[in-house]
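>>> give the three-dimensional model of this entry:
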Amino acid sequence: MTPGFNEFIALLNRDLRLEYMAVIQYTQHFGMLNPRAVTLGEHLQNLAGDELAHALILAEQIRLLGGRPDVHSPRARTSEKPLALLAQDRKGEQDAIVRYQSRIVQAEALGLDSLAQILRHILAIEERHLELLDNLIGNVSRD
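Alright, predicted model coming up:
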């Protein structure tokens, strides 16, 4: 079902809130890691940067559609165990992929083809994040 225009903006704001949460979560997870896990930490820093870029893109698109970007974030998930942290991050990426796939279809149905293209770009990055996390989880579990 295609949402109305205002509902679509609300859904984009939900995506924006979850991007904020991802930035916070990746940043916190980076801080929780053993300092010897340099490569893992670098990857989490890069992921946080990507998620911040997504938040900025979404905020701009919401504004261009006449909405007001949200400033709230859901509570980030945390753990004391590196594998649990990565599993939480992986779940977030899976969720983002499903949401952005839906958002692309919704944008196209509303005639927002340029926004659909922007969302495709974000989706591709989220898919790469999932692949990276799968590799990191495999490497951490072997250690």
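>>> okay, CA-based contacts and neighbour counts for the rest of this
Will do.
>>> state the mean pLDDT of stretch 113-122.
For stretch 113-122, the mean pLDDT works out to 98.
>>> per-residue confidence for the closest residue to R99 other than its chain neighbours?
The shortest distance from R99 to any non-neighbouring residue, by Cα to Cα, 6 or more residues apart in numbering, is to D15 (7.7 Å). pLDDT recorded at D15 is 98.
>>> how far away is G138 from E131?
With distances taken as Cα to Cα, to the nearest Å, G138 is found 11 Å from E131.
>>> now do the lengthiest helix in the chain: distance to the chain's middle.
What stands out as the longest helix in the chain, according to DSSP state H, is helix 113-142. Averaging C-alpha positions (Cα atoms, centre = their mean, to the nearest Å) puts helix 113-142 9 Å from its chain's average.
>>> what helices or strands is that helix leaning on?
helix 38-64, helix 82-109 (3 or more Cα pairs under 8 Å, 6 or more residues apart in numbering; DSSP states H and E).
>>> on that earlier part again, got the contact list for the residue nearest to R99?
By Cα atoms under 8 Å, 6 or more residues apart in numbering, the contact list for D15 reads L58, A96, R99.
>>> S79: which of these is nearest?
A96 (20.6 Å; Cα to Cα).
>>> quick one: which of the contacts of D15 is most hemmed in?
In terms of neighbour count, L58 stands highest of the contacts of D15 at 24 neighbours, by other Cα atoms under 10 Å.
>>> ok, the closest residue to that residue other than its chain neighbours - contacts?
The shortest distance from L58 to any residue other than its chain neighbours is 6.1 Å, reached at L16 (Cα to Cα, 6+ apart). Neighbouring residues of L16 by Cα under 8 Å, 6+ apart: H54, A55, L58, A59, P69, D70.
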